[in-house]
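Peer 1: Give me the fold of what follows.
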Amino acid sequence: MKSGTNQDKKMPGAPQPEAVDPRGAANWLGTLAVLIQDRVEARWQAELDLSPMSAAALVQVEQEAGCAIDLVATRIGLSHSATVRLIDKLVERDLVAKDRARDDQRAQSLKLTKSGKKLAAQLHQIRNQVTDELLGLVSPAEGQALGKAVAAILHRAVKTKQEGDTVCRVCDEGRCRPEICPIQAD
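Peer 2: Here you go, the predicted model:
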């Protein structure tokens, strides 16, 4: 792929919308997913010293203040023991605090520290900057069409609440509220 794309430049040979082969579109969708993931994760690592799993764990604790490690493990797809180690590292960095759960003294309740809240806001900001920059490469009408298509895919593809929670593990709830979320799984 050639670098140096610009909104004002047309790439030679770029397909016109009426000439898009659905198999090509599916391949491009996968490529776009990798592009977004690579750019977001690289910036999280470089600017915040956060791995993708650390970022996901931080967001889960942000979204579910007082949650247990089991919930974080389920949502981010790690084993319980791996999640314990990950949370311990976040505690060492003073991003997450552990308290004993009120109803079960053996369980621990997780919450973000002041530093953790600040870092969570920064990781959302970075993710939003990456996606906003990419959307800035298309016209407003193309952005609207893309938004509708992505919403339709998410709505039809995500079948369960658990899958929705996993897919949305780094979601910025400030941008996607329940009343506009395309994922309405039960």
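Peer 1: which residues sit in contact with residue 73?
Peer 2: Shown in contact with residue 73 (CB atoms under 8 Å, 6 or more residues apart in numbering): 79, 80, 82, 83. Backbone N, C-alpha and C define where each C-beta goes, glycine included.
Peer 1: Output these in CSV, with distance to residue 34 and neighbour count appended to each entry.
Peer 2: Formatted as CSV, those follow (distance: CB to CB, whole Å; neighbours: other CB atoms under 10 Å):
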residue, distance to residue 34, neighbour count
79, 25, 9
80, 29, 11
82, 24, 13
83, 25, 22
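Peer 1: Looking at those residues, which are in helices?
Peer 2: Secondary structure from DSSP state H places 80, 82, 83 of the contacts of residue 73 in helices.
Peer 1: From residue 39, how far out is the second one?
Peer 2: To residue 39, residue 82 is 25 Å away according to CB to CB, to the nearest Å.
Peer 1: Same check on residue 50?
Peer 2: Distance from residue 50 to residue 39, by CB to CB: 14 Å.
Peer 1: These two: which has the busier surroundings?
Peer 2: With neighbours defined as other CB atoms under 10 Å, residue 50 and residue 39 compare such that residue 50 has more, 24 against 17.
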